[in-house]
Every structure is written in C-alpha cells, then in structure tokens.
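Peer 1: sequence-free structure coming up:
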C-alpha cells in the first residue's frame, strides 16, 4: 500500500474554513475567534465556529451555552448549538464542565474526527476553527486532513508570545496552508481618566515580526476591560456593544478576510 499524507477533504456543507491560531495560550485567541465568527454572521453570512480545543474548550462559555447538549440528526450527526445567530460545536458540549478530559492520543484523535466530520452544519458560508495552543497532533491532523482556506495568527506584542506565534507561522507554511495575516491583540491600554495610552505588553511587537516574516498585519486590537468583561459573561463584544469602536475593529477584520477569500 502506498503511504503518504492523509488526503485533505472539505468539511461537508461548508464553503470557506478559516483557522484562528496562536500556538500559545492566554493571548485572547478564542475571544477573537468568536467575535470574528459573530462579525461574519452579523454581516449576513451563514457562519459557524468549531472549537477544536479538546482539553480546554472556551466556546461554550463565550457563547453562553455552558451546560447545553447537542442533539443527533437522523443521520447520527451532531447538530450544532446556536446563539446570537452563530452555529457552534465544541467538546465542551459533550463533556460536563466540571469533568477533566484525561485522554491519550487515540481518544483525542477520535473526538477530533467526530468534531471535524460528524457535525451537520446545514450549509455555511464560513466556518471559523478555534485551534488549541501548540503545534502538535491536533493542529497537524486539522491542517493535513481538512481543506483550509487560510489561517489567522493571533499574538500579543511581547517577545515570549511572538516566539510561539512564529512557530505557528512555520507550521502552516510547512503544511502549505495560506497565512492570511496576523492580529496584534492587547496592544495598548488607554486610561479612561487621563486618555493616556500605555503599552502594557510592549510596543508594536507583532508589527515588527510581520515585516520580518513577510506577513500582513490584519488589525490591532486594544487592551480594553470591556472586551474581557463581555467574554466572561458570555456575550461577546460584537453582540454586547455592536456600535462601539471595539466591535467595529472585529467587523472590519471580518470584512477584510472576506475580501481576501472572495466570499
């Protein structure tokens, strides 16, 4: 039998698939992924988000769907849960919130295959994949088995986060997934009292790294307490404050990506 890499195939009933990755935890990737997917939905697209983090799923909490369970279709496919007009699927819907997922590789891969290919999306214009931190088995399985239209890399400006972001860039390049650009998150905090801007995590780190790597800087998202508060209460900024400047940043990012992928 001829051996080689697995054959890539599209996710059924999905036109475009965008991966959001950071290769490092704690940089706000899931919050950005959910707000991006919601921005697609608010622009009139049929949008969904797939949380591929098996061990630490965040999407149920971000969409205020913790404790909910998906039903099975007549074809034994998982039916996504929907809130704020966004279809979603996550391991967090299949395992109780308080349960630790203590699985070895084969179990993880089986669960990932179910999330990737046993969900009845019902026809989407775009699906956002929220990738877990790192560049290991889960990421490689996704990039080698799923047709990805592009990847967005998220990082904060400090060097320790950028080192992992660079590893993520190299991973996508090795598996020949188009890199749509990088997002600089938590770039600066503006004091509401004196209007002074403070660079908490350094200045323009992602901007410099984009120039070095030949990658486009897609957008710069400020460090603002409301973005965190909105996420914590399960009502992301695009929904909670649709007319705010913060929401406009996410909407513009979605518009930019839509133009790049022409959908």
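Peer 2: Thanks, I have the structure now. Since this is a predicted model, take the numbers as computed values, not measurements.

Peer 1: Could I get the contacting residues of residue 123?
Peer 2: 13, 46 (C-beta atoms under 8 Å, 6 or more residues apart in numbering). Every residue, glycine included, has its C-beta placed from N, CA and C.

Peer 1: how near is it to residue 151?
Peer 2: Relative to residue 151, residue 123 is positioned 23 Å away (C-beta to C-beta, to the nearest Å).

Peer 1: Name the SS class of residue 122, please.
Peer 2: coil (DSSP: H, G, I helix; E, B strand; the rest coil).

Peer 1: okay, now the nearest residue to it once chain neighbours are set aside: neighbour count?
Peer 2: Spatial nearest neighbour of residue 122, chain neighbours left out: residue 13 (6.3 Å); criterion: C-beta to C-beta, 6 or more residues apart in numbering. Neighbours of residue 13 under the rule other C-beta atoms under 10 Å: 14.

Peer 1: And residue 211, by the same measure?
Peer 2: Neighbour number of residue 211 under other C-beta under 10 Å is 11.

Peer 1: State the distance from it to residue 141.
Peer 2: Applying C-beta to C-beta, the value for residue 211 to residue 141 is 32 Å.

Peer 1: Same question for residue 237.
Peer 2: Using C-beta to C-beta, residue 237 is found at 31 Å from residue 141.

Peer 1: same thing with residue 74?
Peer 2: From residue 74 to residue 141 the distance is 28 Å (C-beta to C-beta).

Peer 1: what about these two, which has more around it?
Peer 2: Counted by other C-beta under 10 Å, residue 74 and residue 141 do not tie: residue 141 has more neighbours, with 17 against 6.

Peer 1: Work out the gap between stretch 35-48 and the centre of the chain.
Peer 2: Using C-alpha atoms, centre = their mean, to the nearest Å, the mean C-alpha position of stretch 35-48 is found 13 Å from that of the whole chain.

Peer 1: show me where the chain has strands.
Peer 2: In the chain, the strands defined using DSSP state E lie at 14-21, 47-51, 81-83, 86-90, 124-130, 150-155, 179-185, 189-190, 197-198, 217-221.

Peer 1: In the stretch 101-250 of the chain, what residue spans correspond to helices?
Peer 2: Using DSSP state H, counting those that start in this stretch, the helices assigned to the stretch 101-250 of the chain run over residues 105-117, 137-145, 159-174, 205-213, 225-232, 237-240, 245-261.

Peer 1: Deepest-packed of the ones you listed, please.
Peer 2: Most buried of the helices of the stretch 101-250 of the chain, by mean neighbour count (mean count of other C-beta atoms under 10 Å): helix 237-240, with a mean of 23.

Peer 1: And that one, what does it pack against?
Peer 2: Counting by 3 or more C-beta pairs under 8 Å, 6 or more residues apart in numbering; DSSP states H and E, the packing neighbours recorded for helix 237-240 are helix 29-42, helix 225-232, helix 245-261.

Peer 1: mind putting these in JSON lines, mean pLDDT and distance to residue 218 included?
Peer 2: Formatted as JSON lines, the helices and strands packed on helix 237-240 follow (pLDDT from 0 to 100; distance: least, C-beta to C-beta, whole Å):
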{"stretch": "helix 29-42", "mean pLDDT": "97", "distance to residue 218": "10"}
{"stretch": "helix 225-232", "mean pLDDT": "92", "distance to residue 218": "17"}
{"stretch": "helix 245-261", "mean pLDDT": "96", "distance to residue 218": "6"}
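
Peer 1: Turn the ones you listed into CSV, columns for distance to residue 7.
Peer 2: Supplementary listing: these in CSV, determined by distance: least, C-beta to C-beta, whole Å:
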stretch, distance to residue 7
helix 29-42, 27
helix 225-232, 37
helix 245-261, 22
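
Peer 1: nearest to residue 176, of the ones you listed?
Peer 2: Closest to residue 176 of the helices and strands packed on helix 237-240, according to C-beta to C-beta: helix 245-261, at 16.3 Å.
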